[in-house]
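1. 3D, please:
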Amino acid sequence: MPQSKQERPGYPGRTKDRRPTGRKVSGQGPFSRNFPIKFLVLGVAAGLIISIFSGVYLIYADLVSRVTYVDETDNDFYKIDNLMDYDIFVDPGGWEDEQGEGPGAFEGDQDVPDELRRPELHQSGTVEMKQMPGVENILLFGVDSASNNYRGRSDVTMIISINHNTKKINIVSLMRAMYVKIGAKNHPWGLLNAAYSYGGPGLAMRTVEVNYGIPIKGFVAINFNSFVRIIDAIGGVSISLTEREAQYLGRSPGTQRLNGQQALAYARIRKIDSDFQRNQRQRNVINSVLSEMAAQGGSSIYKASAVVLANTYTNLNLNDYISRAPGLLSYQRRQLQLPATGETRSYYVGGQEVWWFDMVKTHNRLVSFLLN
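-> Numbers count the residues shown, from 1 in each chain. Model (predicted):
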């Protein structure tokens, strides 16, 4: 006789028989049932993304905080009398010709040109400010300082003009020895590169505006150390060296890859030719930097911007330009040297070379170049 099924104590209706009933028993615990695994994965991923972006933001904010910004409300920023007061002129006594043998004082010498005999004619007239909607004119100063400050003369004065109408970036070198109206106390006239040392970037900006007749939006100043760091941050620049340049630098002629120190030495060569060629070398470096950033894309822009933010003196919001960098780097680039040959000539004042230039012709040439 078959043995009857026995019920287990304490479990009415349950028997010792545990044969499958056909129901599938889930192996998930209560946590898994309430929080499906896919939501957990998404949560972890979202957390990582937020952490990464937060970290990048903090790093970027730290870099931005290192930029040396100038406060335009500070009285030291503008050490200027009145740049529009054309009654202030320098005593032109003591001029010499470019051989250094000239007339000394002007008394009784009939060969001195009118532009030197009469200071008000020195610049061949005056110019009015040309308004340029859609154009951003920024002064780039290369300060003659090997320390981590931005004081001294502006060894390089360059206009970086961004024309959003024509989609062009125009790079203009201003010869440092151009004789300009400065208007600072005890320095009504002087060399262009001296304006920065007399009154800082504020005076230098206004000097360019008055003598060349274009609006300046702001400035960026770098020193020797900044220059080297920026070049090294993008892995160097490619520069085509002439025979004389290569010999001076101890390298081979032709296209060479230069690191920061080598690029600085190249940009500062002055003994083998003239300031005209020296300015060309400086523009070559700037153009090569922009080309490197455009070719390398985002990674190069990030590396360069990180160094730029930590090694510049400016009154501009560099954040804005960095965010627009990909688009700006696609603009066509052109170069110009001022003054033009034929519209300038050199003289000596107290043994120092200065360059007279035709202000009106220079203004017209510059405006035409920047707007077209």
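
2. quick one: low-confidence parts of the stretch 201-350 of the chain?
-> Applying pLDDT under 70 to the stretch 201-350 of the chain flags residues 298-300, 349-350.

3. ranges for the strands of it?
-> Applying DSSP state E, counting those that start in this stretch to the stretch 201-350 of the chain gives strands spanning 218-222, 237-241, 254-258, 313-314, 332-338, 344-349.

4. apart from its chain neighbours, what residue comes closest to Pro201?
-> Phe219 (4.7 Å; CB to CB, 6 or more residues apart in numbering). For glycine as for every other residue, the C-beta is placed from the backbone atoms N, C-alpha and C.

5. tally of neighbours for the one you found?
-> 25 (other CB atoms under 10 Å).

6. contacting residues for it?
-> Phe219 is in contact with 138-141, 201, 204-205, 314-316, counting by CB atoms under 8 Å, 6 or more residues apart in numbering.

7. hang on, the earlier thing: need the strands of the stretch 201-350 of the chain in CSV (columns: distance to Tyr196).
-> Formatted as CSV, the strands of the stretch 201-350 of the chain follow (distance: least, CB to CB, whole Å):
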stretch, distance to Tyr196
strand 218-222, 8
strand 237-241, 25
strand 254-258, 26
strand 313-314, 11
strand 332-338, 17
strand 344-349, 19
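
8. and the helices in the stretch 151-300 of the chain?
-> 194-212, 224-233, 243-249, 260-267, 275-296, 298-310 (DSSP state H, counting those that start in this stretch).

9. packing partners of the first one?
-> Just to be clear, that refers to helix 194-212. Counting contacts by 3 or more CB pairs under 8 Å, 6 or more residues apart in numbering; DSSP states H and E, helix 194-212 is packed against strand 135-143, strand 154-163, strand 179-184, strand 187-191, strand 218-222, helix 359-371.

10. those into JSON lines, with extra columns for distance to Val228?
-> Listed next are the helices and strands packed on helix 194-212 as JSON lines, based on distance: least, CB to CB, whole Å:
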{"stretch": "strand 135-143", "distance to Val228": "12"}
{"stretch": "strand 154-163", "distance to Val228": "14"}
{"stretch": "strand 179-184", "distance to Val228": "29"}
{"stretch": "strand 187-191", "distance to Val228": "26"}
{"stretch": "strand 218-222", "distance to Val228": "10"}
{"stretch": "helix 359-371", "distance to Val228": "30"}
